[in-house]
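Participant: Dropping the sequence and predicted coords here.
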Protein chains: 2
Amino acid sequence: MSNRNELPRQRRGSEQITLKQVAEAAGVSAITVSRALNTPERVNDTTRERILDAVERLGYVPNLVAGSLASSRSRFIAVIVPSLANAVFIEVIHGLQEAFEARGYQILLGNTDYDLQREYQLVRTFLGWSCSALVTAGLRHNEACLGLLRQWDKPVMEVMELGEGLDLNVGLDHQHAGRHMATHLLERGYRSIVYVGACMDRDYRAAMRFAGHREVLEAAGLPTPLVELARLGSLEAGAEGLDRALAERPEADAVHFANDDLAVGALLHAQRRGLRVPQDIAIAGFNGLPLGQHVTPRLTTILSPRATMGRVAAKQVLKRLDHDSDNALDNTLKPPCQHDVGFTLSVGEST
Amino acid sequence: MSNRNELPRQRRGSEQITLKQVAEAAGVSAITVSRALNTPERVNDTTRERILDAVERLGYVPNLVAGSLASSRSRFIAVIVPSLANAVFIEVIHGLQEAFEARGYQILLGNTDYDLQREYQLVRTFLGWSCSALVTAGLRHNEACLGLLRQWDKPVMEVMELGEGLDLNVGLDHQHAGRHMATHLLERGYRSIVYVGACMDRDYRAAMRFAGHREVLEAAGLPTPLVELARLGSLEAGAEGLDRALAERPEADAVHFANDDLAVGALLHAQRRGLRVPQDIAIAGFNGLPLGQHVTPRLTTILSPRATMGRVAAKQVLKRLDHDSDNALDNTLKPPCQHDVGFTLSVGEST
DNA sequence: TAAAACGATGTTAGCGCTAACATTACAGCG
DNA sequence: CGCTGTAATGTTAGCGCTAACATCGTTTTA
C-alpha cells in the first residue's frame, strides 16, 4: 500500500535561503527577485532596493546550479590545456582569466597532460556543465572529441597555433617560427646546427617548429640532426639536451632548443662546463620567457605573445557571446575565424 | 483569458539527449540509468551493459547541472589563489589539480589579485555552485567572507600558511622561515642585512617572513632596514630591489629577498653590474624555484614544498569528503586540523 | 515455515530557479 | 473614448536529474 495523502516525502533539508524566501520578505514574487538580480534595469528602482535589502538581510546566496538548469546556460568558460607545468600555458590562462572574470564568467580549468583521450573526457564533462564557451589548446583532437565539439552550438576557441580550426582560432604559425629561427642561425654563420626537443610526439607544436627548422637547413644543403629528450621541458632536461647534442655531434656550433626552459638550462649548464656561449656553442630558444632575458649572455629566442593570446582569445569569444545573445535565433553562418598573433625574433648574445 | 487546456508552452528546445531517452532506448526507467552511471555496482551487470550501450549509441552527455541540483552537490572544488603570476600558486594548484582530478573532481579556479573583497565575491559565487569543498590561500579573509565560510557545512581548506584556521589547514610557518634565513645570514658573518619585499601590505606572508627576520636581527642588536617595492615579484623588480638596497645602504653586505623571483633578478643584475656574489654582496631568497638552483652562484633559499602542499591539502580534503559521505548525518565535531609541511634551508653559493 | 533481509528496479515528487506567456495600470494619440 | 503601446509585475510550467520511498521476487534466518 502506498502512503498517498500523507505528509510529503522529506528531502535532505538544504536549509538554504532561497529566492522564494527573499521574495516573501520583500513582498514580491520570485520572478521579480530573479529579475532584480539578473536584469536590474527591468525592475522598478524602489522595488529593487527593497529586494536587495532583503537579500542582504537574509544573507541570500543565489543557487547558480538551479539558475543554470532553468536557463540552460552557465557562466562557465571551459579552458583545456595540455600541461600546468609549462609557464606558457599558465600565461595564456592568466590572460583568459583576466578577461573572462572581468565580464563575470568563471573559468573551468582542465589539464590533459598531453593526452587526447583525457581531453575528450574533459570536454564531455564540461559540456555537461552547459559552459558558455570552450577554449582549448591546439588544433588536434581525437575523433570522439571532434564529434562532440562539432555538434555543440556554443563558441569553441582553439588557441596556441594557427590553422584550420573548428570555429574560432587564435595563435601563431609554429612552422614559420621554426623557419625564422633557423634562418637567423644561418645568417649568423652557423653551419652545424642541432635541434633539441622534448617529447615531440606529444608536444607536436615543437615538432612543427622543427619541421620549419629542417625546411630551411635542407634548403641550404645542411644536415638536420635531432636530439629528442624523454621528459618535458625543464632546466634539467636542457642541460641533458646540451650534453647529448655535443656528444652526438661534437662539431656542432649551434643548438636550437624547442623552448626557453631547455635553452636556459643548457646555457647555464654550458657555463658550468666552461663552454663559452656563443663562441664555443650558440644557443637559441623559443617562447621568450622572462628568465631567458636575464641570463648572461641574453638568450636569442622567439617571443610569443602569450598573455596577449589569452586576452585576444577571450575578447573574440566574448564578442561572439555578446553577438549570440543579441540575435538569439540567428542560425546564420558563423565563419571560422583565424587570428594570427605573430611572434618576434629577439636576438640576444647567445647566438 | 488564459490559454489553459491548450498546447503546453514551448521552452527553447535544448534538443539534447536526456536520461529519459536513454532509459527508453534501453527499456528501463530513468532512475536505473542514473544508477548505472553513478553507482554501477547497484545495477545488474546485463542491465548495465544494455544501458551503457544505449548511452554510447545515442551519444548521451549527462547534464551535470541537473544532477547537481537534484542531489545538491556538484563535484566541484573551489580553489582561490591571490595571484596567477606567481609560480608558487601555480605549483600548489598543480598539486591540487592532480589529486582532485584523479578522484573525479573538477577544479573551479578563482584569482583574487590579493583583494579580500574579491575573495568574498568568489566565495559567494562558488558556494552558489554547491562546491564539494573550498580551498583558499591564506588565513586572512574579510568579515563577510568569514561569515559565509563559517556557516557553510562543507570542508574549507586554507593552504600556504600555518595557524588558527576555519577548518582544515596545511602550510608552513612563514615567520619561522624568516627567522631561519636571518639566522643563517648571521652565522655566515653578515652584519648589514637589507630585507627587500614587494607589496607587503598585500603579500602579508612576505611580511610575516620579514617579521621573523627582524626578530632575529633585533635580538642580535642589528638594524633592520627594509626596502619595499611597489610591484609584485619579478626578475625586473629584483634588479630594482638590489639597486635600491645598495643606494639606501651602501654598506650592506647581504640582501634577504622576499622570494626567489626577486632574488634571482637581483643576482643576475649584480653580475651585470660587475658585483661579485657573495663577496661584494650576498643574496638570499625564499621558495626554492628551480631557477634559483641553476644560476651561478646557486641561490641560497628556503625550499617550500609547494606541490606537496597541494597534494597534502587535496588528500586531507578528500579524506574529509569520504568520511562525510560515509556517515552522512553525523554532526559530530570536525576538529580544525593543522598540518605543517615544513621547509628546508638550501644553502647555495650566493651567501 | 513464517518472518525478516536483500537485491534489483520502479514511482513520485521535488531540487531552486527562470522562460514564456498573462495581467494590470497607465500613457499617448487620433 | 477606444486603440495600441509599454513598463512593471505575476502565474505557470518546466529545466533534467536524483532522493526517498515503494514494490516484488529471491534468499537467508530464527
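Facilitator: Sure thing, it's come through.

Participant: Please parse chain A into its domains.
Facilitator: Listed by automatic domain parsing, the domain ranges of chain A are A:19-62, A:72-172+A:308-342, A:174-303.

Participant: mean pLDDT lowest for which of those domains?
Facilitator: Comparing mean pLDDT across those, the weakest is domain A:72-172+A:308-342, with a mean of 91.

Participant: Where do the strands of the stretch 1-150 of chain A begin and end?
Facilitator: Assigned by DSSP state E, counting those that start in this stretch, the stretch 1-150 of chain A shows strands spanning A:76-81, A:106-111, A:133-137.

Participant: So the last one, near chain B or not?
Facilitator: No: under the criterion of CB under 8 Å from any CB of the partner chain, chain B is not reached by strand A:133-137; the shortest gap measures 12.9 Å. Using the backbone N, CA and C atoms, a C-beta is placed for each residue, glycine as well.

Participant: Packing partners of that strand?
Facilitator: Other helices and strands packing on strand A:133-137, by 3 or more CB pairs under 8 Å, 6 or more residues apart in numbering or on different chains; DSSP states H and E, are strand A:76-81, helix A:87-102, helix A:116-128, strand A:156-161, helix A:306-326.

Participant: now that strand: how far from the chain's centre is it?
Facilitator: Computed by CA atoms, centre = their mean, to the nearest Å, the chain-centroid distance of strand A:133-137 equals 7 Å.

Participant: Next up, the contacts around A:Ala307.
Facilitator: When contacts are counted by CB atoms under 8 Å, 6 or more residues apart in numbering or on different chains, A:Ala307 is found next to A:91-92, A:94-95.

Participant: now do 6 Å
Facilitator: The contact partners of A:Ala307, taken as CB atoms under 6 Å, 6 or more residues apart in numbering or on different chains, are A:91, A:94-95.

Participant: For those, give me JSON lines that also has distance to B:Leu166 and neighbour count.
Facilitator: Converted to JSON lines, the contacts of A:Ala307 look like this (distance: CB to CB, whole Å; neighbours: other CB atoms under 10 Å in any protein chain shown):
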{"residue": "A:Glu91", "distance to B:Leu166": "32", "neighbour count": "21"}
{"residue": "A:His94", "distance to B:Leu166": "28", "neighbour count": "20"}
{"residue": "A:Gly95", "distance to B:Leu166": "32", "neighbour count": "23"}
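
Participant: Just give me the neighbour total for whichever residue of the stretch 101-250 of chain A sits closest to DNA strand D.
Facilitator: Among the residues of the stretch 101-250 of chain A, A:Gly128 lies closest to DNA strand D, at 7.9 Å counting by CB to the nearest atom of the strand. Here the number of neighbours of A:Gly128 (other CB atoms under 10 Å in any protein chain shown) works out to 17.

Participant: Relative to DNA strand C, which of the helices and strands packed on strand A:133-137 is closest?
Facilitator: helix A:306-326 (10.2 Å).

Participant: do the closest one and DNA strand C meet at all?
Facilitator: No: contact check for helix A:306-326 against DNA strand C, using CB under 7 Å from any atom of the strand: none in range, with a minimum separation of 10.2 Å.

Participant: Can I get the next helix-or-strand element following that helix in CSV, CA atoms only?
Facilitator: Beyond helix A:306-326 on the C-terminal side, the first helix or strand identified by DSSP states H and E is strand A:337-340. Once side chains and other backbone atoms are set aside, the C-alpha atoms of strand A:337-340 remain, and they are given as CSV (Å, rounded to 0.1, in the frame of the first residue of the first chain):
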residue,chain,number,x,y,z
CYS,A,337,37.8,33.0,-37.9
GLN,A,338,41.5,32.9,-37.6
HIS,A,339,43.7,35.4,-35.8
ASP,A,340,47.5,35.4,-36.1
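
Participant: Look up how far B:Tyr105 lies from the residue lying closest to A:Val81 once chain neighbours are set aside.
Facilitator: Closest residue to A:Val81 apart from its sequence neighbours, by CB to CB, 6 or more residues apart in numbering or on different chains: A:Phe89 at 4.2 Å. For A:Phe89, the distance to B:Tyr105 under the criterion CB to CB, to the nearest Å works out to 21 Å.

Participant: Most proximal residue of the stretch 101-250 of chain A with respect to chain B?
Facilitator: Closest residue of the stretch 101-250 of chain A to chain B, CB to the nearest CB: A:Gly128 (3.9 Å).

Participant: Now for that residue: which residues touch it?
Facilitator: Residues counted as contacts of A:Gly128 (CB under 6 Å, 6+ apart) are B:61-64.

Participant: and A:Arg231, how many neighbours does it have?
Facilitator: When neighbours are counted by other CB under 10 Å, A:Arg231 comes out with 10.

Participant: That one reaches A:Glu240, doesn't it?
Facilitator: No: counting by CB atoms under 6 Å, A:Arg231 sits too far from A:Glu240 to count as a contact (8.5 Å).

Participant: Take the helices and strands packed on strand A:133-137 and write them to TSV, including distance to A:Arg276.
Facilitator: Formatted as TSV, the helices and strands packed on strand A:133-137 follow (distance: least, CB to CB, whole Å):
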stretch	distance to A:Arg276
strand A:76-81	38
helix A:87-102	28
helix A:116-128	43
strand A:156-161	35
helix A:306-326	31
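
Participant: Can you give me the distance of A:Phe100 to A:Ala219?
Facilitator: 43 Å.

Participant: Tell me which of the two has more neighbours.
Facilitator: With other CB under 10 Å as the criterion, A:Phe100 and A:Ala219 differ in neighbour count, and A:Phe100 comes out ahead with 26 against 12.

Participant: wait, isn't that one in contact with A:Ala314?
Facilitator: Yes: under the contact definition of CB under 6 Å, A:Phe100 touches A:Ala314, with a separation of 5.4 Å.

Participant: Now do the SS call for A:Glu228.
Facilitator: Reducing the assignment at A:Glu228 to three states with DSSP: H, G, I helix; E, B strand; the rest coil gives strand.

Participant: which residues does it bridge with?
Facilitator: According to DSSP bridges, the residues that bridge with A:Glu228 are A:Gly197.

Participant: any idea how far it is from A:Phe257?
Facilitator: Between A:Glu228 and A:Phe257 the computed distance is 12 Å (CB to CB).

Participant: which residues are common contacts for these two?
Facilitator: With contacts defined as CB under 6 Å, 6+ apart, no residue is adjacent to both A:Glu228 and A:Phe257.

Participant: Got phi/psi on A:Thr300?
Facilitator: Dihedral angles of A:Thr300 (phi, psi; degrees, to the nearest 10) stand at phi -80, psi 130.

Participant: ok, it - contacts?
Facilitator: With contacts defined as CB under 6 Å, 6+ apart, A:Thr300 is in contact with A:284, A:347-348, A:350-351.

Participant: Tell me how many other residues crowd the residue nearest to A:Val81.
Facilitator: So A:Phe89, with other CB under 10 Å, has 22 neighbours.

Participant: Roughly how far does it sit from A:Asp203?
Facilitator: When distances are taken as CB to CB, A:Phe89 and A:Asp203 turn out to be 11 Å apart.

Participant: Done for today, thanks.
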